[in-house]
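In: this is the structure alone, sequence omitted:
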């Protein structure tokens, strides 16, 4: 699980910093991102992310990306906003 998340964070970094460009790369990214989001919403990844999230805090962009995906689940956010929940999680993890 940790290795997969590391791979995802590297691919996310590459996309965010312009290494995947052009129509072909954009189409590949859309397919990959859809699968990534489906995976991150799964019960196993939601459970394990709670244990591993602290290791990804230095990669703020990827950390927030995963948190936003997981907090977008109806049962996960209890009506709170994503930025508020991300701040609350960061406080818990850094204590």
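Out: Here it is on my side, so go on. Quantities reported herein were computed from a predicted structural model and do not represent experimental measurements.

In: buried residues, the lengthiest helix in the chain. List them.
Out: Criterion DSSP state H: the longest helix present in the chain is helix 22-41. Neighbour-count burial for helix 22-41 flags 29, 33, 36, 40 (criterion: 16 or more other Cβ atoms under 10 Å). Just so you know, the C-beta spots here come from the backbone N, C-alpha and C atoms, and that holds for glycine as well.

In: ok, these vs residue 5, which is closest?
Out: Closest approach between these and residue 5, by Cβ to Cβ: residue 40, at 8.8 Å.

In: how about the helices in the protein?
Out: Remark: helices assigned in the chain by DSSP H are 2-16, 22-41, 43-52, 60-71, 74-77, 82-94.

In: any idea which of these is most buried?
Out: When neighbours are counted by mean count of other Cβ atoms under 10 Å, the highest per-stretch mean among the helices of the chain falls to helix 60-71, a mean of 19.

In: and the contacts of stretch 29-42?
Out: 8, 11, 15, 20, 45, 46, 49, 66, 69, 70, 73 (Cβ atoms under 8 Å, 6 or more residues apart in numbering).

In: same thing but 6 Å
Out: With Cβ atoms under 6 Å, 6 or more residues apart in numbering as the contact definition, stretch 29-42 has outside contacts at 8, 15, 20, 45, 66, 69.

In: kindly state the pLDDT recorded for residue 8?
Out: Note on residue 8: pLDDT of 93.

In: do residue 32 as well
Out: Residue 32 carries a pLDDT score of 89 in this model.

In: how close does it sit to residue 60?
Out: Distance of residue 32 to residue 60, given as Cβ to Cβ, to the nearest Å: 21 Å.

In: ditto for residue 67
Out: Distance, residue 67 to residue 60, by Cβ to Cβ: 10 Å.

In: do residue 8 as well
Out: Distance, residue 8 to residue 60, using Cβ to Cβ: 15 Å.

In: hang on, the earlier thing: quick one: which two of the contacts of stretch 29-42 are the most distant?
Out: Maximum pairwise distance among the contacts of stretch 29-42 (Cβ to Cβ): 22.7 Å, between 20 and 45.
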